[in-house]
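Undergrad: I'll drop the sequence and a predicted model, then ask my questions.
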Number of protein chains: 2
Amino acid sequence: MTTLTDIAREAHVSKMTVSRVINHPEQVSADVRELVEKVIDSLGYTPNRAALALTQSRHYVIQFLILEDIETVEPYYAKLLIYLAEELQRLGYSLEIGHNRQVEVNHVDGLIVVGGRQTDIPFLQTLGKPVVTYGSLGPAIPFVDVDNSLGTYMATTYLLEQGIENIYYVGVKLPEYFALARLVGYLGAINKFQTPRHVHQILNNEKQAFQLIRHLDIKPNSAFVAATDRIAMGLLNGLALNKIKVPETVSVIGFDGIFLNQITSQRLTTVQQPLKEIAQALIDSLLVQLEGQPAENRLLRPHLVFGGTTIDHQPNLVPLVET
Amino acid sequence: MTTLTDIAREAHVSKMTVSRVINHPEQVSADVRELVEKVIDSLGYTPNRAALALTQSRHYVIQFLILEDIETVEPYYAKLLIYLAEELQRLGYSLEIGHNRQVEVNHVDGLIVVGGRQTDIPFLQTLGKPVVTYGSLGPAIPFVDVDNSLGTYMATTYLLEQGIENIYYVGVKLPEYFALARLVGYLGAINKFQTPRHVHQILNNEKQAFQLIRHLDIKPNSAFVAATDRIAMGLLNGLALNKIKVPETVSVIGFDGIFLNQITSQRLTTVQQPLKEIAQALIDSLLVQLEGQPAENRLLRPHLVFGGTTIDHQPNLVPLVET
DNA sequence: TCGCATAATGGAAACGCTTACAATGGTTTC
DNA sequence: GAAACCATTGTAAGCGTTTCCATTATGCGA
């Protein structure tokens, strides 16, 4: 590894001058600066992170902390992680993965937390580091989230504008903000259009959604707005079992976009999370906090992506991912 | 942050003694050791990673390097990452995510590489760090992999033992080891049972598999062994379109297990990657290399997981994931 | 009783970098 | 033309830890 000292020796200057060329180039005379820069290029210098961390007590490490159980972990995190890693790399940071609450965070500058519950708030606060959550845990902790209400509002409005009268909402029975927000979006659209409301709340799994269909007396000219793609998939299975045709008889819209890059027999129409924008906003929030300023919460606009579970009177907006 | 010096001051010893209590406790007398340990506990000391890295030039960081394009990234990496993070944390290491070939690895002790091609070998070698790949790139670089041949062998044998005569193999047309190995496993079973062979090679996407079905004259009493779950899903879609019933008329077995935690209308019977064991083996390989010893390659045994695309004469071995 | 080996502890230097301050020399100011 | 200034460069110390060597104390054999 080439160090500042190596460069200094080669350029016949002190290592302070080299350091200045890197950090405060305006303080160095042009000719010396050019000389040092040439030597840096030829020797291929990269600063030693440990030494930097030691003097600046900045580690240039962000941790992505997954608080979910391994079996329930969202597969689209893989994609989010790559967006985060790319952007952080551009900024000179590296991205670290953490799981569970026993993580050691002394060497970390800030945390992006996913899968947390409201009960995790005290834990996150005691870390004493900038934290941003993906999905709100409440006002105590800065967050970035998809605009959940807008998402279900868009989905419901879309269906209503197609002339569908009965929109069933199948929500998640959890005391979390996103569950409430998604319900609110549905109710907002229903109120605006003055149509009957049908709300059902279940746990977020396909089985429960599947079983719900059995107990439902589905009226003609209907559609489902599901709070999650998992629920939507369960509904689809239930509808298939009851020989109810999708989308001819009943439309279904999900939320999240987790099955987007799969061409299953039936692609789900869904409210897609804007993962790239979310990654960017999460990073922005941490950087702002690292500057010592308060971070603003961000609600990002989701996109309605048309699959095969709605009758689309507009063109398929998103091409199939695979070629 | 409490430092060695803080502990030393509080315990009225030099910081060297404290350092020894942590690293070479046998060199410290029992009473001093106990005293220092008590102070460490009460002040809650954790060593400063940067300082450690500076003296030892060991950073206790492992990078998970994803060389795939973001759109083709495997969703099951999320699960693999968590297994890796958990185990590495136990060992005092942290796990970092890298994407693309511009990564800076000076601060990293070793790399776990996924999604690489054979053309990446020179790049990986120039890093000058211990590397292990998930999936073999050839003998030049230590690897851990599922036993691909065994997987397709198990799948094919299982179908043959059910009395199915015509087993179609739909492989991946790529010059990569895994593609060849999976084909070999199929051929091995075919040879052993002296049944007709039907090999087709396509690109690894659902569309191609879907289209393949159209051009195929499928004989009665048949089954498909697909080289990947993606191909299997495409085959299923194609079969559905042609009104061929699965599994009643034709069975299908995939490979990888990427759709395992989804209850789609039809769960795929597949050869599952043993992710937890793979994570462990990847880490073992790096640790061995960090000791300066040569790492042995590992081929791990996959599991046949029964879904709804085979007629199972044995009980469903894996329960549905969601409860 | 003395010398010596051994155990237990401490001090100093080093890892690579930055911050804070000092030194140098040229230029401005009156 | 001397004082003050500024631009440019260098020196020293310190971040938290370890390795290496020095010091002190203890116990043992002769």
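TA: Alright, I've got the coordinates.

Undergrad: and the host helix or strand of A:Arg230, does that touch chain B?
TA: A:Arg230 belongs to helix A:229-241 when assigned by DSSP states H and E. Yes: contact of helix A:229-241 with chain B (Cβ under 8 Å from any Cβ of the partner chain) involves A:Met233, A:Gly234, A:Leu236, A:Asn237, A:Ala240. Every C-beta, even on glycine, is put in place using the N, C-alpha and C of the backbone.

Undergrad: residues contacting that helix, please?
TA: Helix A:229-241 is contacted by residues A:170, A:172, A:202, A:204-214, A:224, A:226, A:245-246, A:250, A:252-259, A:266, A:268, A:270, A:309, B:262-265 when judged by Cβ atoms under 8 Å, 6 or more residues apart in numbering or on different chains.

Undergrad: kindly recompute the last result at 6 Å.
TA: The contact list for helix A:229-241, computed with Cβ atoms under 6 Å, 6 or more residues apart in numbering or on different chains, reads A:170, A:204, A:206, A:209-210, A:213, A:224, A:226, A:246, A:252, A:254, A:256, A:258-259, A:268, A:270, B:265.

Undergrad: ok, now stretch A:150-169?
TA: Against stretch A:150-169 from outside (Cβ under 6 Å, 6+ apart): A:182, A:185-186, A:188-189, A:193, A:198-199, A:219, A:221-225, A:253, A:255, A:271, A:302, A:304.

Undergrad: among those, which are in helices?
TA: Among the contacts of stretch A:150-169, the residues falling in helices (DSSP state H) are A:Arg182, A:Gly185, A:Tyr186, A:Gly188, A:Ala189, A:Phe193.

Undergrad: among those, which ones are buried?
TA: Buried by 16 or more other Cβ atoms under 10 Å in any protein chain shown: A:Arg182, A:Gly185, A:Tyr186, A:Gly188, A:Ala189, out of the ones in helices among the contacts of stretch A:150-169.

Undergrad: CSV for these, including distance to chain B?
TA: Formatted as CSV, those follow (distance: Cβ to the nearest Cβ, whole Å):
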residue, distance to chain B
A:Arg182, 20
A:Gly185, 25
A:Tyr186, 24
A:Gly188, 30
A:Ala189, 29
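
Undergrad: in CSV, list those residues along with pLDDT and distance to DNA strand D.
TA: Output for those, formatted as CSV (pLDDT from 0 to 100; distance: Cβ to the nearest atom of the strand, whole Å):
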residue, pLDDT, distance to DNA strand D
A:Arg182, 97, 46
A:Gly185, 98, 49
A:Tyr186, 98, 53
A:Gly188, 98, 53
A:Ala189, 98, 56
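
Undergrad: before we move on, the earlier item: in a markdown table: the residues of helix A:229-241 next to chain B, plus pLDDT and distance to A:Met1.
TA: Formatted as a markdown table, the residues of helix A:229-241 next to chain B follow (pLDDT from 0 to 100; distance: Cβ to Cβ, whole Å):
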| residue | pLDDT | distance to A:Met1 |
| --- | --- | --- |
| A:Met233 | 85 | 51 |
| A:Gly234 | 86 | 55 |
| A:Leu236 | 88 | 56 |
| A:Asn237 | 80 | 57 |
| A:Ala240 | 82 | 61 |
